[in-house]
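[1] Coordinates for the following, if possible.
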Amino acid sequence: MPPDHDEESSLIRDPRLAEAIACFNAGDWYACHDGFEELWHETAGPLRPVLQGILQIAVGQLHLERGNRRGATILTGEGLGRLRGCDDQALGIDLARLRDSAREWLQALQAAGDPPPLEAPRLTAPQRHDSEAGS
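    Below you'll find the predicted structure:
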């Protein structure tokens, strides 16, 4: 389902989204969780599963960091499922790239033995238009 452009514009301008993305990219999974969860609770439209999917992938990474492989596997899989039908560039984030990265992590987590060293998933920052930069 395509995102509602008013809702998407509002979220992209929300500084909490940029902060949550920065926390995600820094691997600060707990703070990232808090940021995305707050936005997710406030969003009722078609961008809700985007926020929830990113949130679940972040929590999966937090579980992995804490040695909970089962929790990491479950949350990464759920996050990937939430993002499956989402627009590839919702919120200016490269969701296709995130899905590929999460899929790679999920396959590694589901395989026997310790997962190979993989780069943690990353998000691209929302693209701001010049007219919004001065706001």
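[2] now the residue nearest the centre of the chain, nearest residue through space, not along the chain?
    Using CA atoms, centre = their mean, the residue of the chain that lies closest to the mean C-alpha position is residue 54, 2.1 Å off. Take residue 54 and drop its neighbours on the chain: the residue closest to it by CB to CB, 6 or more residues apart in numbering is residue 36, 5.6 Å away. Glycine gets a C-beta too; all of them are placed from N, C-alpha and C.
[3] Surely the one you found is in contact with residue 58?
    Yes. In this structure, residue 36 is within contact of residue 58 by CB atoms under 8 Å, at 6.6 Å.
[4] With neighbour numbers in mind, choose between these two.
    residue 58 (30 against 27; other CB atoms under 10 Å).
[5] close enough to count as contact, the more buried one and residue 33?
    Yes. At 5.4 Å, residue 58 and residue 33 qualify as touching, with contact defined as CB under 8 Å.
[6] tell me which element residue 107 falls in.
    helix 95-110 (DSSP states H and E).
[7] so what's residue 62 closest to, chain neighbours aside?
    residue 29 (3.8 Å).
[8] who's in contact with that neighbour?
    By CB atoms under 8 Å, 6 or more residues apart in numbering, residue 29 lies in contact with 23, 58, 59, 61, 62, 65.
[9] just checking, which of those residues belong to helices?
    23, 58, 59, 61, 62, 65 (DSSP state H).
[10] Which member of the residues you listed is positioned nearest residue 10?
    Nearest to residue 10 out of the ones in helices among the contacts of residue 29 is residue 23 (CB to CB; 20.2 Å).
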